[in-house]
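**Student:** task: produce atomic coordinates for the following.
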Amino acid sequence: MQRNYWFIAFGIVWTIIFSGMSFYWAMGGLLGVRSLGGVIYEMSLSPSPSFLRIVWLTGFIKLLGLLVLLMLLIQWKKPTVTKILYYVAKFAGALLFFYGFLNFVTITLSAFNILDFDLDSYATFWRLIFWEPFWMIGGVFYFFSTKRNKSLFN
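**Tutor:** Down below sits the predicted model:
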């Protein structure tokens, strides 16, 4: 497996920012949360203990991606570990990208009144301009962090 160190580095920075936002919100920070809109925004205004636990948990789950990216930097002696990391990075990248892309499509349809979402114009704007592209960019970083090496996969 060949590694793309620039994509790994950008992925690491992206993951730290992404998980950091969850930790900030879990500690009671509200900056940027209005841009999420809907129920999440409403719940963040007076969060229940279970909601805060979920936000903390999402921050830690996001950090698992950091672990994967850091593991890509190690030269593993076992080809099986390298193959697993290759597929995990590709799968995570595709999942992040398509999650953002599908949200982008559905929110766009909502903006044109084809679908009905509980998002105000402020949240719709920020979801289309920042949040969904942010998910997609993260997916690109993860997906292209590795490249198939034919000798390893034969």
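**Student:** where do the strands sit along the protein?
**Tutor:** Using DSSP state E, the strands of the chain run over 2-3, 146-147.
**Student:** turn those strands into a markdown table, including mean pLDDT and mean neighbour count.
**Tutor:** Quick note: C-beta positions are derived from backbone N, CA and C, even for glycine. Output for these, formatted as a markdown table (pLDDT from 0 to 100; neighbours: other Cβ atoms under 10 Å):
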| stretch | mean pLDDT | mean neighbour count |
| --- | --- | --- |
| strand 2-3 | 92 | 15 |
| strand 146-147 | 94 | 17 |
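**Student:** for the longest helix belonging to the chain, give the mean pLDDT please.
**Tutor:** Secondary structure assigned by DSSP state H gives helix 79-111 as the longest helix of the chain. Helix 79-111 carries an average pLDDT of 97.
**Student:** could you number the chain from 2 rather than 1 from now on?
**Tutor:** Right, with 2 as the first residue, what we last looked at is helix 80-112.
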